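Chemist: sequence and predicted structure are below.
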Amino acid sequence: MLINDIIKYETDLKMLMGKKGIEIVAAKIDVNEVIADLNKAYADEWCAHYQYWLAAHWVSGLNADPVSSRLTTQSADELMHAQRFANRIIELGGEPEMDFASLPKVGGCGYKAPPKEPGNLKQLIQDVIDAERCAIGYYNKMTEKYRDKDYVTHELFKTVLLDEVSDEDEWEDLLAQQPN
Ligand SMILES: [Fe+2]
Ligand SMILES: [Fe+2]
């Protein structure tokens, strides 16, 4: 086989696999509905990523260091979640939200700017907990919705849900550690 034939064969195979994957989903649910559900999560992950990343740099004061370092780590985790949702959207033949300014509207949890006072750690942590809880509610609903409809999307929502549950736990602990 010539190299071009091999490349063509692999490309055809990939396209076939993509088509079969989409076909399986389409037999049970409108693929556009799945893409819209995934885009909502994709947008929320970007909003959380930006909210945490900015807060990590903005926060200051005596007890700010551990909070800032958690925010940095978790903002990277949220970006990784966004990447996973984008991959699934593309696999299904869809487009991740292309208009950056639309992200807070496409998402279901919104975006909360850090408190004006950089030392207001309690408010900042509470805003993170609210974002995590909103994501947990949505991913839980989606894990349930896709249980028998689309196994791949179901697994994706379930995996990310587990991460958000552990995030919420960590932030509740950090909130409890803040002095009155
Ligand atoms: Fe996330
Ligand atoms: Fe999270």
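Modeler: Cool, the structure landed. Ligands and ions are numbered 1, 2, ... in the order given.

Chemist: which SSE is immediately downstream of the worst-scoring helix or strand of the chain on mean pLDDT?
Modeler: Using mean pLDDT, DSSP states H and E, the weakest-scoring helix or strand in the chain turns out to be helix 3-26, at a mean of 73. Toward the C-terminal end, the helix or strand that comes next after helix 3-26 (DSSP states H and E) is helix 31-58.

Chemist: and this protein, which of its residues are near ligand 1?
Modeler: When proximity is defined as CB under 5 Å from the ion, the chain approaches ligand 1 at 45, 78, 81. For every residue, glycine as well, the C-beta is placed using N, CA and C.

Chemist: including distance to residue 177 and neighbour count, could those go into a markdown table?
Modeler: What follows is the residues of the chain next to ligand 1, written out as a markdown table (distance: CB to CB, whole Å; neighbours: other CB atoms under 10 Å):
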| residue | distance to residue 177 | neighbour count |
| --- | --- | --- |
| 45 | 26 | 26 |
| 78 | 22 | 26 |
| 81 | 26 | 23 |
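
Chemist: export the residues you listed to TSV and tack on distance to ligand 2 and pLDDT?
Modeler: Below are those laid out as TSV (distance: CB to the ion, whole Å; pLDDT from 0 to 100):
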residue	distance to ligand 2	pLDDT
45	8	98
78	6	98
81	7	98
